[in-house]
Each structure stands twice: as C-alpha cells, then as structure tokens.
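Enquirer: attaching a predicted model along with its sequence, questions to come.
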Amino acid sequence: MNAGCAAGSSARELLSDYENPEAPGASAIVIHEGRVVFEHASGLADLPSRTPAMPETQYRLASLSKQFTAMAILLLIEEGRLHDDDRVVDVLPGFPPTLGEVRIRHLLQHTSGIWDYEAFVPDTQTEQVKDRDVLGLLARAQGTYFPPGTAVRYSNSGYAVLSLVVEQVSGMPFARFLHERVFAPLGMRATVAHEEGRSTVARRAYGYVAGADGFRPRDQSPTSAVLGDGGIYSSVAELVAWDRALDAHTLVGADTQRLAWTAPPLPDGTRSPYGFGWFVDEDEGRPRLSHHGETCGFTNALVKYPEQRLTVIVLTNRAGGEPWRIAQRLADRWLAPKAPAEQRPWPFETLPNAR
C-alpha cells in the first residue's frame with residue numbers, strides 16, 4: 001500500500017481506542033525513508049487541564065529509554081574508554097564482588113542473570129529509588145539467576161547499573177551525558193532524562209490508570225526515578241531525529257551500531273532475542289528491531305525495519321493496552337506481510353520477566 005493510502009483514515013482507525021476527548025491519549029508517527037508519512041495524536045495529555053495530546057507531547061518512554069542507555073555505552077566503547085567485555089566490577093566501584101563475572105555486554109543483552117532490584121522494593125515504600133540505590137539492593141542478592149552469559153532474563157537492574165557505568169567512565173552525571181552527547185547534538189531540545197527537582201519536562205503527559213469510576217492519576221511509583229532503565233521523556237516528534245541519526249550513523253559508526261542490532265549466540269546453540277538496547281528478530285525474513293515500554297501510567301511501543309527504513313512509534317499515557325499491536329499494524333500498511341500482526345508476535349512477549 002502506498003504512503004498516501006496508509007496515512008489516512010484507515011491508519012487513524014488503528015488508534016480508535018485513544019480517540020476519547022475526555023480520556024488519556026496517544027501520539028503516533030510513521031517514518032519511512034527519513035520522512036514522516038503518518039502522524040496522529042488524540043486524547044488528553046493531562047486530564048485536569050484538558051491539555052490535548054500532540055505529536056510534541058512528552059511521554060515517559062519507560063523501557064524505550066534502554067536504547068539511549070545502550071547508545072551512551074556505545075559512545076564510550078567507540079572512544080576506547082570502555083569495552084563490552086570489561087568486567088563490571090573492574091569498572092564500577094561498589095558493584096557487588098559476588099557478581100565478578102558479569103560483563104558490560106551481559107548487562108546490555110540481559111544475559112547477566114543479576115537479580116531484579118524491584119524484588120527488594122516493598123509495596124509500602126514511598127521514597128523513590130535512584131540508580132545509585134540499585135547497587136545496594138543488588139548486594140542483598142545471593143548470586144545470580146544463572147551463570148552470566150548462559151541464558152536470557154530481562155533485567156531492569158542491568159540498565160540501572162549501565163547508567164552508573166556511564167557516570168563512572170565519563171565523569172559526568174548520566175542525564176547530563178545524554179543531553180550533551182545524544183539529545184543536544186541531534187536537536188532533541190525537549191527530550192530529557194528527568195530528575196525531579198533538577199529538570200523539567202516541557203509539554204508533559206501525565207500517566208493514568210483506568211478504574212471503576214474512570215481514569216485516575218498514576219504517574220509515579222517508587223521506581224520511577226531510576227533513569228537507566230526507563231527514565232527518559234520524549235515525543236514522537238523529537239524521536240524522528242533519533243531515528244534519522246540511527247539510519248545515518250550520526251552518533252556512532254556502522255560497525256559500532258551493528259553491536260546493538262545483533263542477536264548474540266548462547267551456549268545452547270540458540271540466539272538471544274536482545275542486542276544492546278533493542279529486541280532483535282526477523283519478521284517474514286525482514287530484520288526487525290523493536291521495544292515496548294510499560295510503567296505506571298504509560299505504555300509505549302517502537303518497531304523499526306532497518307532495511308526498509310521504516311519506523312513506527314506509539315506513545316500512550318495510560319496503563320494497559322497493547323500499543324505494540326497498533327505499531328505493528330501501522331507498519332504492515334507499508335510492509336504488506338503475508339500473516340497478520342497477531343501471528344507475528346514481538347520477542348518481548350515470550351522473554352522471561354519482560355512484561
């Protein structure tokens with residue numbers, strides 16, 4: 001189907017669940033060969049003020065943030081200041097010595113086996129956890145789920161630790177590193193690794209959850225202040241610059257970028273479905289990169305077909321829903337696949353601990 005047909009009412013119908021002008025909304029975009037060929041926003045970014053969602057609305061990206069954390073590591077690798085085979089304990093003071101065989105690539109690829117820090121955060125906790133606090137929580141763990149590098153288990157802990165590695169190696173706070181080395185060079189002026197009291201989020205969407213009496217606020221949780229695994233705010237409008245930079249290898253060279261988009265082999269002869277910050281698989285023979293993001297009050301999805309230069313991003317400010325299905329169906333308007341989206345699940349749907 002050509003772009004003109006796809007970027008019309010039929011494509012907007014895929015977002016019909018978010019069309020209620022009294023409910024939390026969504027922003028979606030399709031980028032093909034570097035051009036925005038479909039853009040749509042509906043619903044509200046903030047219910048009390050009745051602020052409408054727009055393409056420029058900034059949503060909490062949740063785990064879509066991991067691709068930026070991975071890029072920060074790739075920048076340091078390309079500069080020779082870090083290697084993906086470095087032991088974390090040799091790079092990061094305070095990393096538990098009991099995890100001495102965990103390497104940088106294990107954290108990136110979710111093959112470290114380190115425990116989930118969320119398991120040590122009680123439901124009654126009100127004080128927010130920061131990235132640095134994760135080290136203390138990990139020290140409580142007895143070993144790992146499995147020997148590092150032998151299996152795959154999705155780990156928010158790994159990406160919180162990676163943010164600390166960036167700080168240690170670069171000598172600057174993680175949020176500042178991302179701003180100076182990634183966001184500012186790409187012209188992503190509003191995108192921010194948000195720290196309450198230190199930064200602001202322009203055109204901010206607030207998170208909500210559906211209840212018996214309608215939607216109620218659910219914007220923050222005890223783990224919402226951890227940056228490395230999910231603390232970035234951005235908009236579909238600004239993520240266009242990010243997508244173009246990936247295609248053009250603006251930030252790192254093609255060989256370095258390939259590390260992020262390669263599924264690593266495992267000892268049992270299979271391959272992990274996760275590279276550096278991206279899920280990696282094939283969809284009817286086409287290389288597919290994807291990620292979903294779920295946190296309190298936000299559910300998001302991004303899918304990228306690098307060979308077709310096709311990217312779809314759907315950001316929402318409500319808990320629940322399946323925006324990855326919407327993103328895949330939008331992509332299918334350009335791909336014309338043989339099987340429907342429901343028969344071509346994303347890798348995260350079957351990866352342990354990824355939901």
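Expert: Happy to help now that I have it.
Enquirer: same for the longest helix along the chain, what does it pack against?
Expert: When every helix of the chain is counted residue by residue (DSSP state H), the longest turns out to be helix 156-170. In terms of contacts (3 or more C-beta pairs under 8 Å, 6 or more residues apart in numbering; DSSP states H and E), helix 156-170 is packed against helix 66-78, helix 88-91, helix 104-109, helix 131-138, helix 174-178. Every C-beta, even on glycine, is put in place using the N, C-alpha and C of the backbone.
Enquirer: show the average pLDDT along it.
Expert: In this model, helix 156-170 has a mean pLDDT of 98.
Enquirer: quick one on the thing from earlier: what about the helices and strands packed on helix 156-170, which gets the closest to residue 214?
Expert: Nearest to residue 214, of all the helices and strands packed on helix 156-170, is helix 66-78, at 32.0 Å by C-beta to C-beta.
Enquirer: could you check the angle helix 156-170 makes with the closest one?
Expert: 40 degrees (axes from the mean of the first three to the mean of the last three C-alpha atoms, to 10 degrees).
Enquirer: for the protein, which spans come out with low pLDDT?
Expert: The model of the chain has pLDDT under 70 over residues 1-9, 355.
Enquirer: strands of that one, start to end?
Expert: Counting by DSSP state E, the chain has strands at residues 26-32, 35-42, 44-46, 51-52, 59-60, 192-193, 208-211, 214-217, 232-234, 279-283, 286-295, 298-305, 310-316.
Enquirer: distance to residue 151 added to those strands, as a markdown table?
Expert: Converted to a markdown table, these look like this (distance: least, C-beta to C-beta, whole Å):
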| stretch | distance to residue 151 |
| --- | --- |
| strand 26-32 | 34 |
| strand 35-42 | 39 |
| strand 44-46 | 40 |
| strand 51-52 | 45 |
| strand 59-60 | 30 |
| strand 192-193 | 30 |
| strand 208-211 | 33 |
| strand 214-217 | 38 |
| strand 232-234 | 28 |
| strand 279-283 | 16 |
| strand 286-295 | 20 |
| strand 298-305 | 25 |
| strand 310-316 | 30 |
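Enquirer: which residues sit in contact with residue 111?
Expert: Residues in contact with residue 111 (C-beta atoms under 8 Å, 6 or more residues apart in numbering) are 105, 148, 149, 150, 151, 152, 153, 264, 266, 272.
Enquirer: okay, the helices and strands packed on helix 156-170 in a markdown table with mean neighbour count and distance to residue 158 next?
Expert: A markdown table is the format used below for the helices and strands packed on helix 156-170 (neighbours: other C-beta atoms under 10 Å; distance: least, C-beta to C-beta, whole Å):
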| stretch | mean neighbour count | distance to residue 158 |
| --- | --- | --- |
| helix 66-78 | 23 | 9 |
| helix 88-91 | 18 | 9 |
| helix 104-109 | 26 | 4 |
| helix 131-138 | 19 | 10 |
| helix 174-178 | 21 | 14 |
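Enquirer: turn those into JSON lines, including distance to residue 349.
Expert: As requested, the helices and strands packed on helix 156-170 are arranged in JSON lines below (distance: least, C-beta to C-beta, whole Å):
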{"stretch": "helix 66-78", "distance to residue 349": "17"}
{"stretch": "helix 88-91", "distance to residue 349": "29"}
{"stretch": "helix 104-109", "distance to residue 349": "18"}
{"stretch": "helix 131-138", "distance to residue 349": "26"}
{"stretch": "helix 174-178", "distance to residue 349": "28"}
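Enquirer: what's the closest of those helices to residue 299?
Expert: Taking these one by one with C-beta to C-beta, helix 66-78 is closest: 15.4 Å.
Enquirer: now the closest one against strand 279-283, angle please.
Expert: 110 degrees.
Enquirer: give me the contact list for helix 66-78.
Expert: With C-beta under 8 Å, 6+ apart as the test, helix 66-78 has contacts from 82-84, 104, 108, 159, 162-163, 165-166, 169-170, 174, 177-178, 181-182, 193, 228-230, 232, 251-253, 256-257, 259-260, 276-278, 291.
Enquirer: quick one: that helix to strand 286-295, angle?
Expert: Going by the same axes, to 10 degrees, helix 66-78 makes 120 degrees with strand 286-295.
Enquirer: angle of helix 66-78 against strand 298-305?
Expert: Using the same axes, to 10 degrees: helix 66-78 against strand 298-305 is 50 degrees.
Enquirer: which residue packs closest to residue 20, ignoring adjacent ones?
Expert: residue 43 (6.1 Å; C-beta to C-beta, 6 or more residues apart in numbering).
Enquirer: got the contact list for that neighbour?
Expert: Contacts of residue 43 (C-beta under 8 Å, 6+ apart): 18, 19, 20, 21, 23, 24, 25, 26, 52, 53, 317.
Enquirer: most neighbours out of the residues you listed, which is it?
Expert: The most crowded member of the contacts of residue 43, judged by other C-beta atoms under 10 Å, is residue 317 (32 neighbours).
Enquirer: that residue touches residue 295, doesn't it?
Expert: No: the pair residue 317 and residue 295 does not pass the contact test of C-beta atoms under 8 Å, sitting 10.7 Å apart.
Enquirer: need the residues touching each of the two.
Expert: Here residue 317 and residue 295 have residue 207 as joint contacts, going by C-beta under 8 Å, 6+ apart.
Enquirer: and residue 17, how many neighbours?
Expert: Neighbour count of residue 17, defined by other C-beta under 10 Å: 16.
Enquirer: residues contacting it?
Expert: By C-beta under 8 Å, 6+ apart, the contact set of residue 17 is residue 321.
Enquirer: distance of it from residue 123?
Expert: Going from residue 17 to residue 123 by C-beta to C-beta, to the nearest Å gives 29 Å.
Enquirer: what is the end-to-end distance of stretch 74-83?
Expert: 9 Å (C-alpha to C-alpha, to the nearest Å).
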